[in-house]
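S.K.: here you go, sequence then predicted model.
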Amino acid sequence: MKFMNAVLAMSAAAAVSMVFAPAMAQTYPERNITMVIPFSAGGPTDTVGRLVAESMSKDLGQQIIVENVGGAGGTLGAGRVAQADPDGYTILLHHIGMATSATLYRKLAYDTLNAFEYVGLVTDVPMTIVARKDFEPADLKSLVEYVKANKDTVTVANAGIGAASHLCGMMFMSAVETPLTTVPYKGTGPAMTDLLGGQVDIMCDQTTNTTKQIQGGTIKAYAVTSPARLDVLPDVPTAIEGGLADFQVGIWHGVYAPKGTPAEAIERLSKSLQVALKDPNVIARFAELGTVPSPESDATPAALKAKLESEIARWKTVIEAAGQYAD
Ligand code: ASP
């Protein structure tokens, strides 16, 4: 419970020098770039990644091809990129799990702070607490009563230890002081399929995966984890409104490349990310999914590096205090 309480308590929301190398600067990129998404296709990270990749491809004049490498809360995909050739042709789009897994996984195959170059922050996505359509409780208050009374049978889907759905699910169990059975997937894309099919009961997932389903009435929504209600889900109360004190969480995303990727490539990718985040199509699609692009000043190597460092430190304190690890 100590971990869960600590997680709940933490639930609020260097400059990299660039050496100009004319040869590469003029020619990069000369071929397709692979963007690894460390979760399954069709999930929230995949949705964000594909939208950004499509827009960046136009700016770069070369295709960014998305490759989904799900498993172990995103650490398999991150590990793949850490070991890839640092030539500018393999990049990673990951979320807050990049920071939490640095402590949660004591035997990580890569050194999080030293294995990557930073391209920039992408977006900060709210979460939603949702359930299968026919799940009995009508609102958040009844959900809390229901899970307390049925703790041996209620199941919670997540995308593995360190995933956003895992962290948010832990926060929920902490808030209601009731441990529940968790069901891990390689991403919340397949978890959503099972939620729609009624094979699992509840899930805490990014709005980028749940908004359309909530709007379509195919799943039941209990709360959003943002400080205020979202324009796209005006009838869904915030978790705080619904009675879960301090229950706020946002899932920030960043783009990385393997350590040693030439500075000119990083600079070009970062500029392209900034262009993508101002693309009216990306802005509109993000808005439909309940989120907004990061400002240009955050879509930079320095801002992502600072964010990752501070988030690793923040979650290290929480996780170590709890003494709970993935291995
Ligand atoms: N964002 C993950 C996905 O895309 C899920 C998670 O972090 O919970 O599937």
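M.R.: Received, thanks. Residues are numbered from 1 along each chain as shown.
S.K.: now the strands: where do they sit in the stretch 101-250 of the chain?
M.R.: 116-132, 155-158, 181-184, 202-206, 219-224, 250-258 (DSSP state E, counting those that start in this stretch).
S.K.: partners of the fourth one in the sheet?
M.R.: It refers to strand 202-206. The pairing partners recorded for strand 202-206 under DSSP bridges are strand 116-132 (antiparallel), strand 155-158 (parallel).
S.K.: ok, and which of the ones you listed has the densest surroundings?
M.R.: Mean neighbour count, computed with mean count of other Cβ atoms under 10 Å, is highest for strand 116-132 among those, reaching a mean of 26. Heads up, the C-betas are built off the backbone N, CA and C, glycines and all.
S.K.: next, see if that strand gets close to the ligand.
M.R.: No - judged by Cβ under 6 Å from any ligand atom, strand 116-132 and the ligand are separated, with a smallest distance of 8.5 Å.
S.K.: now that strand against strand 250-258, angle please.
M.R.: Relative orientation of strand 116-132 with respect to strand 250-258: 140 degrees, computed using axes from the mean of the first three to the mean of the last three Cα atoms, to 10 degrees.
S.K.: just want the angle from strand 116-132 to strand 219-224.
M.R.: Using the same axes, to 10 degrees: strand 116-132 against strand 219-224 is 120 degrees.
S.K.: any idea of the pLDDT on the closest residue to residue 142 other than its chain neighbours?
M.R.: Leaving out its chain neighbours, the residue that sits closest to residue 142 by Cβ to Cβ, 6 or more residues apart in numbering is residue 136, at 7.8 Å. pLDDT recorded at residue 136 is 97.
S.K.: now the helices: where do they sit in the stretch 1-150 of the chain?
M.R.: Assigned by DSSP state H, counting those that start in this stretch, the stretch 1-150 of the chain shows helices spanning 2-9, 22-27, 44-60, 75-82, 97-104, 140-149.
S.K.: quick one: which of these is nearest the ligand?
M.R.: With Cβ to the nearest ligand atom as the measure, helix 44-60 is the member of the helices of the stretch 1-150 of the chain nearest the ligand (3.3 Å).
S.K.: hey, C-alpha coordinates of the closest one in PDB?
M.R.: Output in PDB follows, covering the C-alpha atoms of helix 44-60 (Å, rounded to 0.1, in the frame of the first residue of the first chain):
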ATOM      1  CA  PRO A  44      -2.700   5.100 -27.900                       C
ATOM      2  CA  THR A  45       1.000   5.400 -28.300                       C
ATOM      3  CA  ASP A  46       0.700   3.900 -31.800                       C
ATOM      4  CA  THR A  47      -2.000   6.500 -32.600                       C
ATOM      5  CA  VAL A  48       0.200   9.400 -31.500                       C
ATOM      6  CA  GLY A  49       3.200   7.900 -33.200                       C
ATOM      7  CA  ARG A  50       1.500   7.300 -36.500                       C
ATOM      8  CA  LEU A  51       0.000  10.800 -36.700                       C
ATOM      9  CA  VAL A  52       3.400  12.400 -35.900                       C
ATOM     10  CA  ALA A  53       5.300  10.100 -38.200                       C
ATOM     11  CA  GLU A  54       3.000  10.900 -41.100                       C
ATOM     12  CA  SER A  55       3.400  14.600 -40.700                       C
ATOM     13  CA  MET A  56       7.200  14.400 -40.200                       C
ATOM     14  CA  SER A  57       7.500  12.200 -43.300                       C
ATOM     15  CA  LYS A  58       6.100  15.000 -45.400                       C
ATOM     16  CA  ASP A  59       8.500  17.500 -44.000                       C
ATOM     17  CA  LEU A  60      11.500  15.200 -44.300                       C
END
